[in-house]
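**Student:** can't give you the sequence, but here's the structure:
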């Protein structure tokens, strides 16, 4: 699945009132290898001055509903050190506050 400008705009609008500082796409969507089975991988830098709690899980679910595809939402602080170099190399900025 290739994300269109409309998809990116939906994500940007969704993050407007959320504690998100920056958001990046990574994974198969960025590598143009995504098919109908792949999820959408989004890396987010969170604003920890705001309460996050269960909001993180809710954002993942709501983004999936908004985009019509499973979303894997990953925090920059929660990403595995083993995949971090690859993610940082391929990530594409799609939102910045």
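**Tutor:** Ah, there it is. Being a predicted model, the structure only gives us computed values, none of them experimental. Numbering: from 1, shown residues only.
**Student:** From now on I want contacts and neighbour counts done on CA atoms only, so please keep to that.
**Tutor:** Fine.
**Student:** For the lengthiest helix in the chain, buried residues please.
**Tutor:** If you go by DSSP state H, the chain has its longest helix at helix 55-67. Neighbour counts using 16 or more other C-alpha atoms under 10 Å place 56, 59, 60, 61, 63, 64, 67 of helix 55-67 among the buried residues.
**Student:** show me the contacts for residue 77.
**Tutor:** Contacts for residue 77 were tallied using C-alpha atoms under 8 Å, 6 or more residues apart in numbering; they are residue 45.
**Student:** Next, the distance between the ends of stretch 85-97.
**Tutor:** 24 Å (C-alpha to C-alpha, to the nearest Å).
**Student:** just stretch 12-23 next, same as before
**Tutor:** Stretch 12-23 has an end-to-end distance of 9 Å (criterion: C-alpha to C-alpha).
**Student:** For residue 15, give me the backbone phi and psi.
**Tutor:** Here is the backbone geometry of residue 15 (degrees, to the nearest 10): phi -80, psi -10.
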